[in-house]
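>>> Everything below, folded, please.
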Amino acid sequence: TERQRFVLGLKMHKTITRRELLAAAAGAAALSACNVQKPVTPARVSVVRAPAYGQSVYDTVRRLLDEHRVDVRGRNVVLKPNLVEFEPESSINTNPIVVHAALEAFRARGAASVRIAEGPGHRRNTLDLAEAAGYFKTVPHFEDLFVDLNLDDVSRVNPPRPFSRMKKLYLPNTALGADLLVSMPKMKTHHWVGATLSMKNLFGVVPGGVYGWPKNVLHWAGIDESIADLHALFPRQFAIVDGIVGMQGNGPIEGVPKKVGVLVAGGDPVAVDATCCRIMRIDPMRIGYLQLASEGVEAQISERNIQQTGESIASVETPFDLIPEFQSIRLENS
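Below is the predicted model of the structure:
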């Protein structure tokens, strides 16, 4: 132990006195106490049933924000959905009804402003993509509320303790200036990192206008590592995961729809994503970016350290198909 090594080193000096030895032992014990991991404060995550994209979603989202007592009165909120491809009938994109429900719910809680913002990594014409995904039809005055993060003004930021090879990033001012950034992903599998949820959704804040399309800089720097870095740069987050209909198999684009019938929400994206993984029957301990974001302390994403409310995981768990390369991350294979 640290204490034994410390005392042993002192014993090697022949002139040491008994008083000095006792003092050294006490110092080593204090040093060891500093290295003891602090108790993990449970993060609250809600799992609620939402069987379809209908009017009931609006009430469900309002109740979620009430349950978490999300305080946005007089503050600026930015909703960050997942918009990927021109597939209006697919399960690729966050459904616009869920986003509109969040918009109305945050307004009802007194937010000074609520904007919708996204920076797709595959398509340059973001408004065409949003129209194909049904946002113009569902969200009144969508174009007035929307910010294309690929083209937004940017500021330089430095990840506090970078995991990736990127020591600096230029990120959109709309996202950086938000009092609350709300990540609203689709519940999907991912062919490179296993699962894409609220943390991976932050790839959309990296501006294509600076880094190009499809933002390969994030891949070169390490995908899991870049996800963890982006998460650390936005400390004021809330997550609402669209798991009403997700995507399984070769996600995040070429998979097939998977109905789960839930919304998952919370103020700690790491805990939210770990919970979503368990619903998908994926072991969160085997998801690289979750390990990095929790600094390798498995207790932080352990189910016993997440204060889950609403439906139990057992009552809503829905095994997602995975590509062969990721069969090992199934919970039953752990």
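>>> List the residues that contact the most centrally placed residue in the chain.
What sits nearest the mean C-alpha location of the chain, by C-alpha atoms, centre = their mean, is residue 199, with 2.4 Å. For residue 199, the contacting residues are 183, 227-228, 230-231, 269-270, 273, 289-290, 293, taking C-beta atoms under 8 Å, 6 or more residues apart in numbering as the criterion. Using the backbone N, CA and C atoms, a C-beta is placed for each residue, glycine as well.
>>> Secondary structure element holding the residue nearest to residue 161 when sequence neighbours are not counted?
With sequence-adjacent residues excluded and distances taken as C-beta to C-beta, 6 or more residues apart in numbering, residue 161 is closest to residue 232, at 7.1 Å. With the criterion set as DSSP states H and E, the secondary-structure element containing residue 232 is helix 223-233.
>>> buried set for that helix?
By neighbour count with 16 or more other C-beta atoms under 10 Å, helix 223-233 contains the buried residues 223-231, 233.
>>> residues contacting the residue lying closest to residue 303 once chain neighbours are set aside?
Counting by C-beta to C-beta, 6+ apart, the nearest residue to residue 303 once its immediate chain neighbours are dropped is residue 278, at 6.6 Å. Residues counted as contacts of residue 278 (C-beta under 8 Å, 6+ apart) are 284, 303, 313, 317, 331.
>>> any idea how far residue 278 is from residue 82?
To residue 82, residue 278 is 20 Å away according to C-beta to C-beta, to the nearest Å.
>>> now the strands: where do they sit in the protein?
With DSSP state E as the criterion, the chain has strands at 43-49, 76-81, 113-118, 146-148, 154-157, 169-172, 180-184, 186-190, 194-196, 237-248, 256-266, 306-310.
>>> what pLDDT, on average, does the second one get?
Taken as a whole, strand 76-81 has an average pLDDT of 98.
>>> got it, and the fourth one?
If you average the pLDDT over strand 146-148, you get 98.
>>> ok, it: who's next to it in the sheet?
Paired neighbours of strand 146-148 in the sheet (DSSP bridges): strand 113-118 (parallel).
>>> contacting residues around the strand it pairs with?
Here strand 113-118 has contacts from 76-83, 99, 103, 106-107, 126, 130, 135, 139, 142, 145-149, 152, 172, 174-175, 204-205, using C-beta under 8 Å, 6+ apart.
>>> List only buried entries from these.
For the contacts of strand 113-118, a neighbour count by 16+ other C-beta under 10 Å gives the buried set as 76-83, 99, 103, 106, 126, 130, 135, 139, 142, 145-149, 152, 172, 174-175, 204-205.
>>> The contacts of residue 278 into JSON lines, with extra columns for pLDDT, distance to residue 69 and neighbour count?
Output for those, formatted as JSON lines (pLDDT from 0 to 100; distance: C-beta to C-beta, whole Å; neighbours: other C-beta atoms under 10 Å):
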{"residue": "284", "pLDDT": "96", "distance to residue 69": "26", "neighbour count": "28"}
{"residue": "303", "pLDDT": "91", "distance to residue 69": "23", "neighbour count": "12"}
{"residue": "313", "pLDDT": "97", "distance to residue 69": "23", "neighbour count": "16"}
{"residue": "317", "pLDDT": "98", "distance to residue 69": "28", "neighbour count": "16"}
{"residue": "331", "pLDDT": "95", "distance to residue 69": "32", "neighbour count": "16"}
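>>> when you check those residues against the helices, which ones overlap?
In helices, defined here by DSSP state H, the members of the contacts of residue 278 are residue 313.
>>> now, which of the contacts of residue 278 sits nearest residue 52?
residue 317 (19.4 Å; C-beta to C-beta).
>>> distance of the closest one from residue 47?
The gap separating residue 317 from residue 47 is 10 Å, by C-beta to C-beta.
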